[in-house]
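1. no letters, just coordinates:
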């Protein structure tokens with residue numbers, strides 16, 4: 001029965017009602033019923049006879065029902081007030097309806113302990129039927145003889161203190177309940193999970209012996225208890241998951257249909273927050289998204305922004321793109337105005353490294369660039385060089401009326417700017433003095449390699465040499481010198497020195513009109529031929545030149561224009577043959593120096609031989625060769641040689 005049990009007590013003034021109303025008879029709490037009840041609930045109205053004590057704790061779900069007030073028992077404090085309503089128990093109600101059993105909840109199981117003290121004298125407690133007349137005994141054997149045939153009784157023994165038989169109700173599965181066949185309520189005494197008060201689980205059993213299988217059994221999530229197992233309904237199955245397709249963001253409306261991170265699943269449809277729209281699986285705002293402007297996948301061009309569902313360019317439209325011309329290096333200041341390599345665009349202007357404005361699209365070094373000296377567009381003229389951002393004369397030259405001159409040998413500025421030497425005197429060592437006539441014998445290389453063109457041009461090396469020679473002899477500065485011409489290889493392919501000692505055009509003053517005509521006509525007729533018999537050609541021309549110097553008293557020099565080194569005439573012809581040919585004449589009397597102009601491109605390394613040419617020039621007494629990488633440079637070389645040699649020694 002419930003925790004409200006009754007028994008007869010001799011000498012008591014009334015029937016003792018133990019538990020929550022024990023104090024109503026004025027007595028203190030009975031230790032038999034203390035402690036096991038559930039916690040008292042919220043207070044009810046106070047009973048008559050005084051304030052009730054606060055309820056004690058008990059595991060019995062029926063404990064705590066309000067009663068008349070009285071002094072507090074052990075289970076409750078002495079604080080006065082209305083008695084509380086009963087608390088709950090994990091076992092539910094454990095009342096077995098038997099008046100002499102002590103019903104309690106232990107370990108989530110109802111326990112019914114027989115207590116004969118709750119029966120009147122000469123009665124004992126049968127846990128199934130209640131108080132029955134006691135059976136006298138002297139030994140346990142007496143009890144077993146009387147009761148041993150009853151399969152519903154276990155632990156039969158004789159209580160020596162009272163000489164009466166005691167026993168326990170059958171409970172094979174130890175779940176605290178006797179089987180139905182023995183008058184109990186356990187519908188399966190072989191299964192400890194089945195007994196009155198047990199919680200129904202989804203296992204195909206009547207766990208609480210209510211007569212219904214799995215009634216009240218719960219399953220996790222959306223699963224349903226079906227035939228003793230938790231099963232996910234077919235409409236909720238997505239692989240191994242059991243989902244609500246109306247609300248699951250990973251399976252919205254159908255399995256695998258995941259909503260974007262910013263969207264939620266409502267009624268089986270992915271819905272974006274606020275005013276966003278799903279485009280390609282992403283929540284976007286069609287009002288401002290440049291990749292989905294107005295509609296999905298409507299992409300604005302580079303640089304355009306999306307405003308109110310329209311692509312707008314707040315900068316400068318250039319070739320279908322929205323460009324910031326203030327900073328775009330390909331459209332700097334205006335569409336299609338590109339900055340040069342390494343430049344940046346700032347404030348619509350191209351800038352060079354170091355925060356220097358670009359100059360005509362380039363980044364020149366204003367400290368050394370002769371075309372942009374000190375500032376963009378400032379050109380150095382008159383032979384001046386750009387040094388530290390200023391145009392100055394270098395190499396010992398002097399600035400005379402904007403031109404750089406050598407006061408030591410300049411006929412118009414001899415010793416000082418403006419000092420002119422009257423003919424026939426010339427400026428020698430800064431003094432105007434008489435000087436022998438200067439003759440130059442130009443030795444022209446016409447080997448087959450001279451038909452090679454200069455890089456990135458259609459002009460051949462021979463054409464450049466011929467053009468420079470024609471320009472040189474036509475210059476006014478050349479009018480007072482003598483010039484003759486010879487070439488190699490000869491049309492006869494001769495290797496005889498004496499054949500080269502007969503120039504094609506003998507030396508004569510350029511002031512003689514017939515000489516100019518003869519030279520020009522001969523130059524126009526020259527074409528590339530065969531190999532390079534340089535050494536024998538030099539020997540022959542030097543013989544002629546020395547003889548002329550001895551016969552006329554003129555100062556004579558040989559100027560060789562070549563694009564190669566010796567490769568013909570003699571055994572294993574080499575540069576040393578040419579060196580040996582010129583050296584005696586440079587050191588002899590009269591001295592006949594040899595100037596060398598190397599013609600070609602440094603990039604065409606197979607016949608650009610500066611080391612060989614320098615050897616020949618050094619042996620010829622002129623120091624080093626002159627580079628002739630273009631017609632203009634060859635002409636400049638001839639001018640420099642004329643100036644250097646025409647100066648009186």
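-> Alright, I've got the coordinates. From a predicted model like this one, the values you see are computed outputs, not experimental measurements.

2. residue 188 sits in which helix or strand?
-> Assigned by DSSP states H and E, residue 188 belongs to no helix or strand.

3. does it really touch residue 198, like I thought?
-> No - here residue 188 does not reach residue 198: they are 10.3 Å apart, not a contact under Cβ atoms under 8 Å. The C-beta positions use only the backbone N, C-alpha and C, and glycine is treated the same way.

4. out of these two, which sits in the busier spot?
-> For residue 188 versus residue 198, the count of surrounding residues by other Cβ atoms under 10 Å is larger for residue 198: 24 against 19.

5. got the contact list for the more buried one?
-> Residue 198 sits next to 175, 207-209 when contact means Cβ atoms under 8 Å, 6 or more residues apart in numbering.

6. need these in JSON lines (columns: secondary structure and distance to residue 453).
-> Formatted as JSON lines, the contacts of residue 198 follow (DSSP: H, G, I helix; E, B strand; the rest coil; distance: Cβ to Cβ, whole Å):
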{"residue": "175", "secondary structure": "coil", "distance to residue 453": "113"}
{"residue": "207", "secondary structure": "coil", "distance to residue 453": "107"}
{"residue": "208", "secondary structure": "coil", "distance to residue 453": "110"}
{"residue": "209", "secondary structure": "coil", "distance to residue 453": "115"}
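
7. re earlier: what sits in contact with each of residue 188 and residue 198?
-> residue 209.

8. residue 104 bridge partners, please.
-> residue 111 (DSSP bridges).

9. isn't residue 114 right up against residue 125?
-> Yes - between residue 114 and residue 125 there is a contact under Cβ under 8 Å: 3.9 Å.

10. who touches both of those two?
-> Common contact partners of residue 114 and residue 125 (Cβ under 8 Å, 6+ apart): 100-101.

11. report how many residues lie close to residue 519.
-> Residue 519 has 23 neighbours, counted by other Cβ under 10 Å.

12. again but with residue 643, I slipped
-> Neighbours of residue 643 (other Cβ under 10 Å): 13.

13. how close does the closest residue to it other than its chain neighbours get to residue 396?
-> Nearest residue to residue 643, sequence neighbours excluded (Cβ to Cβ, 6 or more residues apart in numbering): residue 409, at 7.0 Å. Using Cβ to Cβ, to the nearest Å, one gets 11 Å for the distance from residue 409 to residue 396.

14. those two: which has the busier surroundings?
-> Neighbour comparison, residue 409 and residue 396: the larger count goes to residue 409, with 19 against 9 (by other Cβ under 10 Å).

15. assign that one to helix, strand or coil.
-> Here residue 409 is recorded as coil under DSSP: H, G, I helix; E, B strand; the rest coil.

16. so it touches residue 432, yeah?
-> No - taking contacts as Cβ under 8 Å, residue 409 lies outside contact range of residue 432: 10.7 Å.

17. identify the contacts common to these two.
-> With Cβ under 8 Å, 6+ apart, residue 409 and residue 432 have common neighbours residue 426.

18. domain ranges for this protein?
-> The record's domain parsing of the chain by automatic domain parsing lists 398-434, 436-646.

19. mind listing what's buried along stretch 256-265?
-> By neighbour count with 16 or more other Cβ atoms under 10 Å, stretch 256-265 contains the buried residues 257, 259-260, 263, 265.

20. can you redo the residues you listed as TSV with pLDDT, secondary structure and distance to residue 287?
-> Formatted as TSV, the buried residues of stretch 256-265 follow (pLDDT from 0 to 100; DSSP: H, G, I helix; E, B strand; the rest coil; distance: Cβ to Cβ, whole Å):
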residue	pLDDT	secondary structure	distance to residue 287
257	89	coil	26
259	88	coil	21
260	85	coil	17
263	84	strand	17
265	89	strand	24
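
21. of those, closest to residue 468?
-> Using Cβ to Cβ, residue 260 comes nearest to residue 468 of the buried residues of stretch 256-265, at 77.6 Å.

22. was I right about that closest one contacting residue 281?
-> Yes - using Cβ under 8 Å, residue 260 makes contact with residue 281 at a distance of 5.8 Å.

23. before we move on, the earlier item: possible to save the domains of the chain as JSON lines with mean pLDDT and distance to residue 341?
-> JSON lines is the format used below for the domains of the chain (pLDDT from 0 to 100; distance: least, Cβ to Cβ, whole Å):
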{"stretch": "domain 398-434", "mean pLDDT": "87", "distance to residue 341": "34"}
{"stretch": "domain 436-646", "mean pLDDT": "95", "distance to residue 341": "20"}
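
24. before I go, just wanted to say thanks for your time.
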